[in-house]
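Peer 1: For reference, the sequence and a predicted model appear below.
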Amino acid sequence: MPVNIPDTLPAKALLEAENVFVMGASRAESQDIRPLKILILNLMPLKIVTESHLLRVLSNSPLQVEIELMMTSSHAHRNTPQEHLVAFYKTFDEIRDQYFDGMIITGAPVELIDFEQVTYWPELCEIMEWSKKHVTSTFHICWGAQAGMYYHFGVQKFELTKKMFGVFNHDVLLPKEPLLRGFDDVYQVPHSRYTEVRVEDVNAAPSLILLSQSPEAGVFLAISEDRRQIFVTGHPEYDENTLGEEYWRDINKGMEIAVPENYYPGDNPEAKPVVTWRGHAHLLYSNWLNYYVYQSTPYKLGELEP
């Protein structure tokens, strides 16, 4: 799927160097088709890095995707150049009257803060409520998944005794669900978080279905009964070096942090990581775009049912 992004977005050159099919806005405008409109609410501090991660996994499908980037207006963004935010990001007030085929809500480094104490929580709640009538399918990642399950279903998060950090095996629970079509019975996904939602709470929540879990990492993938809300507690979109960069960042800060599990050969942080999750990451996102966005969205977006 060619991803339609602004010609000057920094991720464009990076992905083109990897032979990822990205299409500048100038070329996309010459094609007589309706692209899928995907809104990315980027809550991560290093927004340019997250853009590249997500655009990479959204690119592997045969239809055109048009990306809109959104940030919260109720939080100061200090880790991304202001000129980048001005050039490429919209606020909720700027898009609230629009409709989208799909939306991605990223994670955020606020896991140890109560939801209601997060500075932009009221704004995020407004966006999640808005999505019910303005977005065909919403894909929540890591803290975004915990926030979404809490807001929509009342599922609580709990602090872990140590950081869930590494690459872990996961089991497919409902292999006939289209989101898991093509998945192996056991597959691997990176996790990097200090909190969790519990299997028994997800199973007890009405209209929430657990699709996949890990013996070590717990809940990984859940979906609402109407298939319009998808919750992913890990980071399948991470690239080869992301866990390592997080590890060395914390080490250089003097923090006590274990080597990410099942990531470095022999648990040697000087070794080159072996990527074991890339195939299923691409499959997860392409299944979402195909079965839950493209095959479900109305041709005229304003006709979305609440």
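Peer 2: Perfect, thanks for sending it. As the structure is a prediction and not an experimental result, all values here were calculated from the model. Residues are numbered from 1 along each chain as shown.
Peer 1: can you tell me which strand in this structure is longest?
Peer 2: strand 158-172 (DSSP state E).
Peer 1: other SSEs contacting that one?
Peer 2: strand 186-196, strand 208-214, strand 218-224, helix 242-252 (3 or more C-beta pairs under 8 Å, 6 or more residues apart in numbering; DSSP states H and E). Using the backbone N, CA and C atoms, a C-beta is placed for each residue, glycine as well.
Peer 1: Quick check: which of these is buried the most?
Peer 2: Mean neighbour count, computed with mean count of other C-beta atoms under 10 Å, is highest for strand 218-224 among those, reaching a mean of 23.
Peer 1: following that one, which helix or strand comes up?
Peer 2: The helix or strand immediately downstream of strand 218-224 is strand 229-232, counting by DSSP states H and E.
Peer 1: For that following strand, what is the distance to the chain centroid?
Peer 2: Chain-centre distance of strand 229-232: 9 Å, with C-alpha atoms, centre = their mean, to the nearest Å.
Peer 1: Touching, residue 136 and residue 38? I think so.
Peer 2: No: in this structure, residue 136 is not within contact of residue 38 by C-beta atoms under 8 Å, at 10.1 Å.
Peer 1: ok, so what distance separates the residue lying closest to residue 96 once chain neighbours are set aside from residue 139?
Peer 2: Nearest residue to residue 96 in three dimensions, chain neighbours excluded: residue 130, at 6.4 Å (C-beta to C-beta, 6 or more residues apart in numbering). According to C-beta to C-beta, to the nearest Å, residue 130 and residue 139 sit 16 Å apart.
Peer 1: With residue 247 instead?
Peer 2: Per C-beta to C-beta, residue 247 is found 26 Å from residue 139.
Peer 1: Now find how far off-centre stretch 89-97 is within its chain.
Peer 2: Between the centre of stretch 89-97 and the centre of its chain there are 19 Å (C-alpha atoms, centre = their mean).
Peer 1: Kindly report the same for stretch 112-132.
Peer 2: Computed by C-alpha atoms, centre = their mean, the chain-centroid distance of stretch 112-132 equals 16 Å.
Peer 1: Can you measure across it, start residue to end residue?
Peer 2: Terminal residues of stretch 112-132 are spaced 27 Å apart (C-alpha to C-alpha, to the nearest Å).
Peer 1: do stretch 139-147 as well
Peer 2: 12 Å.
Peer 1: Can you list the low-confidence ranges for the stretch 151-300 of the chain?
Peer 2: Low-confidence regions of the stretch 151-300 of the chain, defined by pLDDT under 70, are absent; no residue qualifies.
Peer 1: pLDDT on the longest helix anywhere in the chain, on average?
Peer 2: Secondary structure of the chain per DSSP state H: the longest helix is helix 121-134. Average pLDDT, helix 121-134: 97.
Peer 1: tell me what that helix is packed against?
Peer 2: When contacts are defined as 3+ C-beta pairs under 8 Å, 6+ apart, helix 121-134 sits against helix 92-95, strand 100-105, helix 143-153.
Peer 1: again, only this time at 7 Å
Peer 2: Judged by 3 or more C-beta pairs under 7 Å, 6 or more residues apart in numbering; DSSP states H and E, helix 121-134 is in contact with helix 143-153.
Peer 1: any idea how far the helix it packs on is from the chain center?
Peer 2: When distances are taken as C-alpha atoms, centre = their mean, helix 143-153 is centred 13 Å away from the chain's centroid.
Peer 1: who touches that helix?
Peer 2: Here helix 143-153 makes contact (C-beta atoms under 7 Å, 6 or more residues apart in numbering) with 43, 105-108, 110-111, 115, 124-125, 128, 140, 155-157, 195, 197, 205, 208, 222, 224, 229, 231-233.
Peer 1: And those residues, which of them are buried?
Peer 2: Neighbour-count burial (16 or more other C-beta atoms under 10 Å) is assigned, among the contacts of helix 143-153, to 43, 105-108, 110-111, 115, 124, 128, 140, 155, 157, 195, 197, 205, 208, 222, 224, 229, 231-233.
Peer 1: Ignoring the adjacent residues along the chain, who's closest to residue 144?
Peer 2: Nearest residue to residue 144, sequence neighbours excluded (C-beta to C-beta, 6+ apart): residue 105, at 3.9 Å.
Peer 1: The stretch 1-150 of the chain: strands as residue ranges?
Peer 2: Taking DSSP state E, counting those that start in this stretch to define them, one finds strands in the stretch 1-150 of the chain at 3-5, 22-24, 36-41, 65-70, 89-90, 100-105, 135-141.
Peer 1: Starting from the shortest one, tell me which strands it pairs with and how they run.
Peer 2: Read it as strand 89-90. Here strand 89-90 is paired, per DSSP bridges, with strand 65-70 (parallel).
Peer 1: and the partner strand with strand 100-105, angle?
Peer 2: Angle, strand 65-70 to strand 100-105, by axes from the mean of the first three to the mean of the last three C-alpha atoms, to 10 degrees: 50 degrees.
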